[in-house]
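**Student:** Structure for this input, please:
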Amino acid sequence: MVTEPTGPSLRLSGVSHSYDGFSVLDALDLELGAERVGLIGVNGAGKSTLIRILSTALEPSDGSVQVTGLGPGRRRELADIGYMPQELRLPRNLRGVDFLAYVAWLKAVPRRERAAEVERVVEAVGLDRRGSSRIGELSGGMQRRLLLAQALLGRPQVLLLDEPTAGLDPEQRVRFRELIGALDAPLVMVSSHALEDLVPIVDRMVMLDEQRIAFDGAVEELRAVGAAGPVEGMSDFESAFLRLRSRAGTR
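**Tutor:** Okay, the predicted model is just below:
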C-alpha cells in the first residue's frame, strides 16, 4: 500500500536490520503519509526496531530511509518527529516538568516558549496534578504519560509510539487509547501486540511477521481477512492475525 505524499512522509526502501548477526527485519519497503497507522506483531517481531529506524534513532543495516515534508535541517527534522520508546530509563530524582524542559531544549523549542510548551503537554496527557512530582514517585501509568508528553513537545508532524499501553491495567489502557485517539499530528504510528488497542484509533494496519510485512492495508481489509477464515471464540481481527501468521510460516 502506497500513500500520496500530502504532508510528512517516511519511506523505507529495502530496509534490513540485524543484531549480532541475527536478522530482525528483511528487505522492508514501506511508505507512510498523513494518516494513522497501527503496527502489530508478536513480541520480538521487530516492531521496536522498525519504529526506531523510522524515528531516525537507529541506522538500518541495509537499505535507505527517506524523510520528507518536515522542517529543514537535521535538528528541526528531529524536532518534527515525536518518538515514544517502549522503555526509557527516566531520571527518577528529577521532577517531571524539569525532565520535559530538558527534552524541550533538545528539541530546539525556543527558550521563551518552553515553560508554556511544557505546561501544554503536561495538561494534554493528564499529568497536570503530578507534573511537579519526582519521576520516581510516579506510578507506571503516570510514567507512560510522561513518555507520551515528551514525544508531544514542539508539536511534531510525526508521532511514533512504541507499545504505549504496555504494562497498563485495562482501565489505564482505555484512558491511554483515548489520549492517543485525540492526538492531532498529521502522521501517527502506534505499535502494539494487542489488536484491541489499535483498532479503535487507526485507519491502516501494518503487520510484521517472520522479519517481513505480512499485511498492509485498511483496518476493514484486515477484518475481512479474519471473516473469511473465522476462528471460534475469536474476533475477526484476532482470526486475521492467526491466519496471517500461518501464511508467513509457510513462505
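**Student:** Below-threshold pLDDT in the chain: ranges please.
**Tutor:** For the chain, the stretches with pLDDT under 70 are 1-6, 71-78, 246, 248-251.
**Student:** hey, where'd the strands end up in it?
**Tutor:** 9-19, 22-32, 36-40, 62-68, 81-84, 158-162, 187-192, 204-209, 212-218 (DSSP state E).
**Student:** Quick one: closest of the ones you listed to residue 142.
**Tutor:** With CB to CB, the closest approach to residue 142 among these belongs to strand 81-84: 14.3 Å. Using the backbone N, CA and C atoms, a C-beta is placed for each residue, glycine as well.
**Student:** can you tell me which residues contact the spatially most central residue of the chain?
**Tutor:** With distances taken as CA atoms, centre = their mean, the residue of the chain nearest its centroid is residue 161 (2.3 Å). Counting by CB atoms under 8 Å, 6 or more residues apart in numbering, residue 161 touches 84, 148, 151, 180, 188, 189, 190, 191.
**Student:** Give me the buried subset of those residues.
**Tutor:** The neighbour-count test (16 or more other CB atoms under 10 Å) marks 84, 148, 151, 180, 188, 189, 190, 191 as buried among the contacts of residue 161.
**Student:** I'd like those laid out as JSON lines, including distance to residue 62.
**Tutor:** As requested, the buried ones among the contacts of residue 161 are arranged in JSON lines below (distance: CB to CB, whole Å):
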{"residue": "84", "distance to residue 62": "26"}
{"residue": "148", "distance to residue 62": "32"}
{"residue": "151", "distance to residue 62": "28"}
{"residue": "180", "distance to residue 62": "32"}
{"residue": "188", "distance to residue 62": "27"}
{"residue": "189", "distance to residue 62": "22"}
{"residue": "190", "distance to residue 62": "26"}
{"residue": "191", "distance to residue 62": "22"}
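**Student:** out of those, who's nearest residue 206?
**Tutor:** Out of these, the member with the shortest distance to residue 206 (by CB to CB) is residue 189, at 8.2 Å.
**Student:** you'd agree that closest one is up against residue 51?
**Tutor:** Yes. Under the criterion of CB atoms under 8 Å, residue 189 makes contact with residue 51 at 6.9 Å.
**Student:** about what we covered before: who wins for proximity to residue 140 among the strands of the chain?
**Tutor:** Of all the strands of the chain, strand 81-84 comes closest under CB to CB, at 14.5 Å.
**Student:** Pull out the buried residues from stretch 33-42.
**Tutor:** Applying 16+ other CB under 10 Å to stretch 33-42 flags 33, 34, 36, 37, 38, 39, 40, 41 as buried.
**Student:** scratch that, stretch 41-50 is what I was asking about
**Tutor:** Under 16+ other CB under 10 Å, the buried positions of stretch 41-50 are 41, 45, 46, 47, 48, 49, 50.
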